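>>> Let's see this in three dimensions:
(4 chains)
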There are 4 protein chains.
Amino acid sequence: MTKKIGVGLLGYAFMGKAHSHAFKDMPHFFWPAPAIPELITIFGRTESKVKEAAENFGFKRYTTDWREVIKDKEVEILDNSLPNDMHAEPSIAAIEAGKHVLCEKPLARNSKEAKEMFEVARRSSVKTMVAFNYRFVPAVVLAREIVRSGKLGRIYHFRARYLQDWIVDPNFPLVWRLVKEKAGSGPLGDLGSHIIDLARFILGEVTAVSAVTRTFINERPLPEDPTKKGEVTVEDAFAAVLEFENGAIGTFEASRFATGRKNYNNFEINGEKGSIEFNLERLNELRFYSADGEAKTLGWSEILVTEKDHPYISHYWPSGHIIGWEHTFINEVYHFIDAIVNDKKIEPYGATFEDGYKNAVILDAILESAETGKRVTIKF
Amino acid sequence: MTKKIGVGLLGYAFMGKAHSHAFKDMPHFFWPAPAIPELITIFGRTESKVKEAAENFGFKRYTTDWREVIKDKEVEILDNSLPNDMHAEPSIAAIEAGKHVLCEKPLARNSKEAKEMFEVARRSSVKTMVAFNYRFVPAVVLAREIVRSGKLGRIYHFRARYLQDWIVDPNFPLVWRLVKEKAGSGPLGDLGSHIIDLARFILGEVTAVSAVTRTFINERPLPEDPTKKGEVTVEDAFAAVLEFENGAIGTFEASRFATGRKNYNNFEINGEKGSIEFNLERLNELRFYSADGEAKTLGWSEILVTEKDHPYISHYWPSGHIIGWEHTFINEVYHFIDAIVNDKKIEPYGATFEDGYKNAVILDAILESAETGKRVTIKF
Amino acid sequence: MTKKIGVGLLGYAFMGKAHSHAFKDMPHFFWPAPAIPELITIFGRTESKVKEAAENFGFKRYTTDWREVIKDKEVEILDNSLPNDMHAEPSIAAIEAGKHVLCEKPLARNSKEAKEMFEVARRSSVKTMVAFNYRFVPAVVLAREIVRSGKLGRIYHFRARYLQDWIVDPNFPLVWRLVKEKAGSGPLGDLGSHIIDLARFILGEVTAVSAVTRTFINERPLPEDPTKKGEVTVEDAFAAVLEFENGAIGTFEASRFATGRKNYNNFEINGEKGSIEFNLERLNELRFYSADGEAKTLGWSEILVTEKDHPYISHYWPSGHIIGWEHTFINEVYHFIDAIVNDKKIEPYGATFEDGYKNAVILDAILESAETGKRVTIKF
Amino acid sequence: MTKKIGVGLLGYAFMGKAHSHAFKDMPHFFWPAPAIPELITIFGRTESKVKEAAENFGFKRYTTDWREVIKDKEVEILDNSLPNDMHAEPSIAAIEAGKHVLCEKPLARNSKEAKEMFEVARRSSVKTMVAFNYRFVPAVVLAREIVRSGKLGRIYHFRARYLQDWIVDPNFPLVWRLVKEKAGSGPLGDLGSHIIDLARFILGEVTAVSAVTRTFINERPLPEDPTKKGEVTVEDAFAAVLEFENGAIGTFEASRFATGRKNYNNFEINGEKGSIEFNLERLNELRFYSADGEAKTLGWSEILVTEKDHPYISHYWPSGHIIGWEHTFINEVYHFIDAIVNDKKIEPYGATFEDGYKNAVILDAILESAETGKRVTIKF
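Now for the predicted structure:
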């Protein structure tokens, strides 16, 4: 009989729905599973909603006090899917209570807070991971393999943009993601953290940044009372030039004002022997140019990353039967539970709290450069 | 507390994995669910494998005698995911035992067998549905809406091709899908049935066909003893011209010899006011050309069918977060259970056994035309 | 000093503009040119228009009697860009007068007329060529090279469709292309002749056809008096299944009712080791799938056919600087003049009058099959 | 009889071939032409080559002394297609001699030199234009129309990258484009000047830049003696963040080290009501997203910019018959001659010497920011 592992979840909204699904769904595909997740308890602030979520998602119980989750003896994994201002305290408490912690990205609102979390994690013996789920897209893992194998040779360029358009309407309300105290930053932390993580995952360390930010709409209706407006205290977009340890340079951008771009996490890497392009809206594909081969037939290749030899795919469906966005979480949860049960390392495929901290340092540097108008050197 | 509904499943292979997943996963997304499926029992011929499948998929019990499934009192839905030669007998037995039946496509090996199944279903009061799952792709439902709303005006052309490449290697073994007695036909029944069903779903009835078939590799190694070869008794590809009741014409093709096409179910519809194109390998997208609007900005539009207003999408993720192939089954299972619990009609969104029968008549006509070299008029 | 060669042109409309341009433009790119074309005389029925065309295109003189062009001593090449009913008589007269003849496609209105032209050409010593200009698209020549080199292995499928939408409006007038007496057939001869020529050029001979045709709009306004209507006497679309000598099968279609498709000459070839796709609206590109190579990185490659190693490209611009539709004629005219001046063969890159005749036989067979509802075997 | 206008050309290489072709070809398409260009004389340093070019391109005479071209009485237009270090002196001399001047981009090696040229041009009465030919791509003009008409609303982002790969090989020789004294800068002036010009043409003025540059290969073989190496004195790539007068921000990049990108001049503009994307390798297309219309059918539209209502297209071919890269020069030359003959303004469609100067100021600022690590405010 397969071992079970108890899960406590903080948050029932977008991320809560995705994470709880992944825990339940994982053993159907990863079989035999390292352990079968048991959904023990779920925390949310609004009782009626968390009660409903517990039934919908299949948790045994629910609570409106997050400390209850950490105290719960059956809980072995604490999954923190709360807003950014609620990452540090519960995650630290859980680590100190001996729970394994999977925390949503960005790790914290800024590098100071992230460093504290990383320090606690470093001193503990539990497994900790930041939920940078796009590391678990098969095409992204393949991109990393291609780069790390040397197939592209020396890398010259890494350009990335993560574009969405969900707040273009000036009457879109002032949700928590637009409030600095809760979110830390705007699309920088929400979207930019992803593309910076992918650049570090695939290529390597960032050494300097030069950036600008913009807030296009300064006031928005309050969610609780749309007749009143409140101030938007984060940026609406950022644009930056990044320099990498290996000598490569690149442009990085994120925006919630790119009309028509829905979830356009797009990066391109150019090396001396080839190039790669990825777009999350077509996450089953990787575009690849190799300068090897007969000159006449060279071209950008659309790899349909659904073959059994591709990362994670043997667990799913036959060739050409695509997977969706939610599968990134299934792969992630598998990786985390496998690391716990079989005492494997989180890195390099998973993002550690150290990765989360270094990511936060780069985000802070981008804000600093935007403010000062000066190139900022990255120091961890 | 949400009602439960008992499911018995025949088959644990590719389709068994997809169907059992859909039953389990459905209530996570369709909430409140019309009923929560309970996985009661699963049938397979090989005990060790069906036992393993039962644990992996989460069934309470398993059996190597399909009649046990039908006798099982807790089973309310019989899901028949067996090879084509095992569609008729168990499905008919289940209907007669008062079970609702979801049967994999094609409904049967030929129109005679399909007619018998349809007749039994017609006389019964249970719900019966053929698992033409591509009717449940959001982009396909949107395509139908666009056509049926008149946005394309009079339809002139419907062309479809379903291309795969998994048996290009002459040493690929003689699996059941290559044996007429078990499969009825080759890619015609396997893939062609899908595109013909979609044409009927979206556009309407077929009136005549002219066709050719080819078997490119006549002998293949036996699965049980690869040193011996057996005869391929089905076609490897077909190509046909179809005529529709509304006056439209079209070309239809399916092949397992289209190297590089993995699951390329592709159709294009041209009408007097616009056109549509779909490709299953990018199932979250629909290409749409509308001749309405300012001349200078007309063009083929790539609709990312992931908005909350799109069919089924409100149950899943925010804009731009794509779904995968398996979600067609989740939508299908929801539709079937909703029809059962709330006594709704299977049609027009689900394929009835009548659709399954008519589909089989067209497949037979294609084989007849290929053999005689004459256009065959469709008579139901 | 480079040799000169005198050109007489019949027709000043669409094709006249394209052909005269090609003659003038060729030596700029193909240098040293085999001979520099001199534009001697141009024929058109309407004096004011042909006079204007002569000045615009740069002809020394003009005439409203096509026999004058053939009598003209300075004319060495007769370029026949007239409507289809004016292909046979002037082309035959020119051949008999010892002029080299480049005749627009289709060679004639039917195979009987085409055969007569082919017989006259065969008996003469002048160079004769049918202006199937898409043989001169660099990407098409590359496609042929790939197929003929064996890179795709045995070919299983060739599917082609040539779609336009310029007569979707029922008030579009009854131009000569819609009148059987002048055009011979509709999109079959106009567009279908191109895709059938490309299939023969790239793959080989056709052995049988099964087809349907449709006329969607039966009456249209007369060009000379839009208050009156005349009968459309050609098909508006055809769809056919073709069988090839090598065992391959394919679907072929042409239509002027494919809204949103402007000049969509698209073909796909599937072989045991790879596949190819082409689309005239992106004529600088060839899509290529090769099953050779590392499994993980296989994919459909977009070859930008603008490298100096690609057919004809060394005469034009550096890598990535695309050419246009008119360049097919420049390449064609170069090929024809090179064949004349250096006594080279027209085939295999140019289409001979024999190709034109065989093409016409296949077109006739498609019409016959559509009428009789029977597969028609091709006999030349 | 159409008026004639005499042309003198400096340079017979890549640009000389393109410009001379455009002058000859223009009246075939733009008819009646404002004037028919007469190719009078061509200058080049190597006599044997310029003699050959004169015959190939159709010039009446040639010279190895550029001052002869300016003295030539028949020359009314001086077309300067020489390397960047030869832009200022001959262009100024020609203006002072009363010739109209079309000068290749970038206008000069730096803003100081460009300012001098602009000042001379401003004081004269001749027509002067910088050959920023991508302003004459029909899709680019359409993009400008869409932005300027307000269809996209307020513009938030303009991102552009111009990527090539022709010097990735470290053994590619040290041609003039890699030598600061001759070229002024590397891909910044060669490619970056184009995308900055397009941003100014379409959106408006730039106010600040933050940038980095990189030289990846520091030494290369000398063209005249490949056994010796010389220093690369320009950058191999730049990456910058730009800020615009209207509040928009954007990333701009150019590189000759983007393997697989051949002539990838790509920009994307995001506004509150829609977005636009362009790629020079598919110059007949414009991608357009409009948030207007029914929510279900919104998507990125591929406009095939070959309709008669599109800019310049009525002069060429029917719908769907694409034009090539060289047509940008044909349109440009038409615009310039029309301005001369009919005394029209160069702007806004053509780039004036003032545009050339302002472009140079931005290029200088990018180099300064890269060197100092500080944001540089643009001052003209």
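
>>> Where do the helices of the stretch 251-380 of chain A begin and end?
In the stretch 251-380 of chain A, the segments counted as helices under DSSP state H, counting those that start in this stretch are A:327-341, A:353-372.

>>> What helices and strands are in contact with the longest one?
What it means is helix A:353-372. If you count contacts as 3 or more CB pairs under 8 Å, 6 or more residues apart in numbering or on different chains; DSSP states H and E, helix A:353-372 packs onto helix A:111-123, strand A:128-130, helix A:193-202, strand A:206-214, strand A:237-244, strand A:376-377. Where you see a C-beta, it was placed from the backbone N, CA and C, and this is true even at glycine.

>>> so which of the ones you listed comes closest to chain C?
The stretch from the helices and strands packed on helix A:353-372 with the least distance to chain C (CB to the nearest CB) is helix A:193-202; that distance is 15.7 Å.

>>> What about A:E368, how many residues nearby?
Neighbour count for A:E368, taken as other CB atoms under 10 Å in any protein chain shown: 13.

>>> tell me the contacts of it?
Applying CB atoms under 8 Å, 6 or more residues apart in numbering or on different chains to A:E368 gives the contacts A:V376.

>>> So for it, what pLDDT did the model give?
In the predicted model, A:E368 carries a pLDDT score of 98.

>>> With the one 4 residues further on instead?
Looking at A:T372, its pLDDT reads 98.

>>> what residues does the stretch 51-200 of chain A put near chain D?
Applying CB under 8 Å from any CB of the partner chain, one finds that the stretch 51-200 of chain A approaches chain D through A:L152, A:R154, A:Y156, A:H157, A:R159, A:R161, A:L163, A:D165, A:V168.

>>> Kindly report the residues of chain A close to chain C.
Taking CB under 8 Å from any CB as the criterion, chain A approaches chain C at residues A:142, A:145-146, A:286, A:288, A:290, A:293, A:295-304, A:307, A:309-310.

>>> Next step: the residues you listed restricted to strands.
Counting by DSSP state E, the part of these found in strands is A:L286, A:F288, A:S290, A:W300, A:S301, A:E302, A:I303, A:L304.

>>> Name the nearest residue to the third one, sequence neighbours excluded.
Spatial nearest neighbour of A:S290, excluding adjacent residues (CB to CB, 6 or more residues apart in numbering or on different chains): A:G274 at 4.4 Å.

>>> so where is the stretch 201-350 of chain A shaky, pLDDT-wise?
Nowhere does the stretch 201-350 of chain A drop to pLDDT under 70.

>>> what does it have sitting close to chain D?
With CB under 8 Å from any CB as the criterion, the stretch 201-350 of chain A comes near chain D at residues A:208, A:210-212, A:214, A:216, A:236-237, A:239-241, A:243, A:247, A:249-253, A:255, A:257-261, A:270-275, A:289, A:291, A:298, A:300.

>>> Tell me which residue of the stretch 101-250 of chain A lies closest to chain C.
A:L142 (6.5 Å).

>>> number of nearby residues for that residue?
Residues lying near A:L142 (other CB under 10 Å) number 22.

>>> Kindly report the same for A:K151.
For A:K151, the count of nearby residues is 18 (other CB under 10 Å).

>>> Would you verify that it is located in a helix?
No: with DSSP: H, G, I helix; E, B strand; the rest coil as the criterion, A:K151 is coil rather than part of a helix.

>>> wait, what's in contact with it?
A:K273, A:G274, A:S290 are the contacts of A:K151 under CB under 8 Å, 6+ apart.

>>> element containing A:I5?
strand A:4-10 (DSSP states H and E).

>>> what does that strand rub up against?
Contacts of strand A:4-10 with the rest of the structure, by CB under 8 Å, 6+ apart, involve A:16, A:19-20, A:23, A:35-43, A:57, A:59, A:66, A:69-70, A:72, A:74-82, A:86, A:90, A:99, A:337, A:340-341.

>>> Can you list the low-confidence ranges for the stretch 1-150 of chain A?
A:1.

>>> can you give me the strands for it?
Secondary structure of the stretch 1-150 of chain A by DSSP state E, counting those that start in this stretch: the strands cover A:4-10, A:36-43, A:61-63, A:77-80, A:100-103, A:128-130.

>>> hmm, back to that, might one say that the residue of the stretch 101-250 of chain A closest to chain C is in contact with A:N284?
No: counting by CB atoms under 8 Å, A:N284 is not a contact partner of A:L142; they are 10.9 Å apart.

>>> Show me whatever sits in contact with both of those two.
Listed contacts common to A:L142 and A:N284 are A:V305; contacts here mean CB under 8 Å, 6+ apart.

>>> do you know how far A:C103 is from A:V341?
Distance of A:C103 to A:V341, given as CB to CB, to the nearest Å: 19 Å.

>>> neighbour-wise, which of the two wins?
Neighbours of A:C103 and A:V341, each counted by other CB under 10 Å, are more numerous for A:C103; the result is 28 against 15.

>>> follow-up on the earlier one: how far off strand A:36-43 does the strand holding A:I5 point, in degrees?
Strand A:4-10 runs at 30 degrees relative to strand A:36-43, counting by axes from the mean of the first three to the mean of the last three CA atoms, to 10 degrees.

>>> What residue in chain A is the furthest from its centre?
A:K296 (39.7 Å; CA atoms, centre = their mean).

>>> How many residues are close by the nearest residue to that residue once chain neighbours are set aside?
The shortest distance from A:K296 to any residue that is not its chain neighbour, by CB to CB, 6+ apart, is 5.4 Å, and that residue is C:D309. The number of residues packed around C:D309, counting by other CB under 10 Å, is 12.

>>> cool, A:K180 as well?
17.

>>> How about the contacts made by it?
With contacts taken as CB under 8 Å, 6+ apart, A:K180 has the following neighbours: A:T233, A:V234.

>>> What distance do you get for it to A:C103?
A:K180 sits 20 Å away from A:C103, taking CB to CB as the criterion.

>>> How about A:I330?
For A:I330, the distance to A:C103 (CB to CB) stands at 18 Å.

>>> Name the residues of the strand holding A:I5 that come out as buried.
Neighbour-count burial for strand A:4-10, counted by 16 or more other CB atoms under 10 Å in any protein chain shown, picks out A:I5, A:G6, A:V7, A:G8, A:L9, A:L10.

>>> Give the bridge partners for the fourth one, please.
Legend: beta-bridge partners of A:G8 under DSSP bridges are A:T41, A:L78.

>>> Quick check: it vs chain B, distance?
Taken as CB to the nearest CB, to the nearest Å, the spacing of A:G8 relative to chain B amounts to 18 Å.

>>> Check the fifth one too.
With distances defined as CB to the nearest CB, the gap from A:L9 to chain B amounts to 13 Å.
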